[in-house]
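Visitor: Sequence plus the predicted model coming up.
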Amino acid sequence: MIHYSDLFKKVFINNREFVHLRIITGYCSPNMVKLLSDLNSESSIEIFIGMALEGISYQEHSEYLDIMSKSNGKIKIYYKTKRPLNHMKLYCFSFLNNAQISYLGSANLTQNGFIKNQEILTNIDGNFDKIFELILRDSKLCNEEDIGNYIKFYNQVYENEIFYPLQEEEDNDFVNEDFSIFSNDRQFQNPSIKIPSNLKLSRLYNYYQIKIPILIPDRQQSKSRSINAWVRNQVPYLTDYNSQSFYKFFPINERFKIITDLDEELIGYINGSEDNKLLTSPNIYDYLKFRLGINENRIIEYSDILDYGNNEIYIHSDNENQFYFYFFNMLSR
């Protein structure tokens, strides 16, 4: 049974008689597209995914292709293939009587945007044809043959999304618990914990379950956010950039064990109200600084990542509460 949030009812249920729906969204979920199609299978839908240059999983891309092929041309899904990235959320409904209703706000066309997070979309009057013309100029249909030349596709293994009612998240003070900004004594070493001997490198590359980018190039905020959040006196964290979907892979609102490729143990935590941030104790900055060979406490630049030859942490799990981090120096292999 699907539980619709008030926001979903306001935007989609109340306007389910549309004949044409155009959407610009930073991020998108195949399940949400299918849900819109089920609500109105006779009308046309155009969806522009504005942040597609950050990456699309092979699984989601395959679902988009399947949705389009089964829609007989009624559903068109576009990836924005030119910068700048487009993070806006705009929903424009057209009806038989030529009436139009548009919404502008914060909600992506995802489960987080309409089911889980607290988001807002408000009615707005105006003609948005020019905006759609501009994004169409910089976008390609997801089923174009050369789309792989523009979009980075990655592997990801996760369970299908489920829909659940919007709930208030419990307050959690985990962030304030013994998260030192720098821990130079590396007191968290635990030599008794070993990475499984049967996890060979070749097997890892074939069967990793998720990988997380350290930094996104051309993102100025990377110098004060994510792993560099300590600059603003905040705890450093890894970001899923809304493409890896941490909540599908890691436990939410509970601690879990992380064993690094240095045979060190971290405690991970993801707060349900900010489930695109993976916090660790000791903090992830120390681990990355050590792996990158940085001796002083300074911002980790994208140039550091390029010199190292790898921008991704590979993560494997053998049970729901224990994970293994691997951050390989590709240039030394």
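Guide: Noted; the coordinates are in hand.
Visitor: residues contacting residue 7?
Guide: By CB atoms under 8 Å, 6 or more residues apart in numbering, the contact list for residue 7 reads 107, 114, 119, 120, 121. Every residue, glycine included, has its C-beta placed from N, CA and C.
Visitor: Helices of the stretch 151-300 of the chain, start to end?
Guide: For the stretch 151-300 of the chain, the helices defined by DSSP state H, counting those that start in this stretch occupy 201-207, 246-249, 284-292.
Visitor: Can you name the element that comes right after the last one?
Guide: Following helix 284-292 in sequence order, the next helix or strand is helix 302-308 (DSSP states H and E).
Visitor: quick one on the thing from earlier: ok, and the most crowded of the contacts of residue 7?
Guide: Within the contacts of residue 7, neighbour counts (other CB atoms under 10 Å) peak at residue 114, which reaches 26 neighbours.
Visitor: How much space separates that one from residue 126?
Guide: Relative to residue 126, residue 114 is positioned 23 Å away (CB to CB, to the nearest Å).
Visitor: hey, which helix or strand in the protein has the poorest pLDDT?
Guide: The weakest-scoring helix or strand in the chain, judged by mean pLDDT, DSSP states H and E, is helix 201-207 (a mean of 36).
Visitor: I'd assumed residue 79 was in contact with residue 56.
Guide: Yes - contact criterion CB atoms under 8 Å: residue 56 and residue 79 qualify, at 6.9 Å.
Visitor: what sits in contact with each of these two?
Guide: Common contacts of residue 56 and residue 79 (CB under 8 Å, 6+ apart): 49, 151.
Visitor: Adding pLDDT, write the contacts of residue 7 out as CSV.
Guide: Shown next, in CSV, are the contacts of residue 7 (pLDDT from 0 to 100):
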residue, pLDDT
107, 94
114, 87
119, 89
120, 91
121, 94
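Visitor: Which members of those are the farthest-apart pair?
Guide: Of all pairs drawn from the contacts of residue 7, the greatest distance, 11.4 Å, lies between 114 and 120 (CB to CB).
Visitor: which neighbours do the two share?
Guide: Common neighbours of residue 114 and residue 120 are listed as 7, 107 (criterion: CB under 8 Å, 6+ apart).
Visitor: Longest helix in the protein, please.
Guide: helix 58-70 (DSSP state H).
Visitor: Identify each buried residue in it, please.
Guide: 59, 60, 61, 63, 64, 65, 67, 68 (16 or more other CB atoms under 10 Å).
Visitor: With stretch 268-279 instead?
Guide: For stretch 268-279, by 16+ other CB under 10 Å, it's 268, 269, 270, 271, 272, 273, 275, 276, 277, 278, 279.
Visitor: so who does the third one touch?
Guide: So the one you mean is residue 270. 246, 247, 250, 251, 252, 253, 277, 278, 279.
Visitor: can you state the direction angle for the longest strand along the chain and helix 284-292?
Guide: Ordering each strand of the chain by length in residues (DSSP state E) puts strand 312-319 first. On the basis of axes from the mean of the first three to the mean of the last three CA atoms, to 10 degrees, strand 312-319 is oriented at 120 degrees to helix 284-292.
Visitor: As CSV, could you dump the C-alpha coordinates of strand 312-319?
Guide: This file holds the C-alpha atoms of strand 312-319, laid out as CSV (Å, rounded to 0.1, in the frame of the first residue of the first chain):
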residue,chain,number,x,y,z
GLU,A,312,36.2,7.3,-4.8
ILE,A,313,35.9,5.3,-1.7
TYR,A,314,34.8,1.7,-2.5
ILE,A,315,32.5,0.2,0.2
HIS,A,316,31.7,-3.5,0.8
SER,A,317,29.4,-4.9,3.4
ASP,A,318,29.2,-8.5,4.7
ASN,A,319,26.3,-7.7,7.1
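Visitor: Name the strands paired with that strand and say parallel or antiparallel.
Guide: strand 210-213 (antiparallel), strand 322-326 (antiparallel) (DSSP bridges).
Visitor: out of these, nearest to residue 262?
Guide: Closest approach to residue 262 among the strands paired with strand 312-319 is made by strand 322-326 (9.0 Å; CB to CB).
Visitor: can you pull the buried residues of that closest one?
Guide: 323, 324, 325, 326.
Visitor: go on, stretch 122-131?
Guide: Using 16+ other CB under 10 Å as the test for burial, stretch 122-131 gives 128, 131.
Visitor: Give me the contacts around that stretch.
Guide: With CB under 8 Å, 6+ apart as the test, stretch 122-131 has contacts from 22, 24, 88, 90, 92, 101, 102, 103, 104, 105.
Visitor: And it, end to end?
Guide: With CA to CA, to the nearest Å applied, stretch 122-131 spans 18 Å between its terminal residues.
Visitor: model confidence over it, on average?
Guide: Averaging pLDDT along stretch 122-131 gives 94.
Visitor: Contact partners for residue 294?
Guide: Counted by CB under 8 Å, 6+ apart, residue 294 has contacts 300, 304.
Visitor: Same question for residue 231.
Guide: Neighbour list for residue 231: 223, 224, 299 [criterion: CB under 8 Å, 6+ apart].
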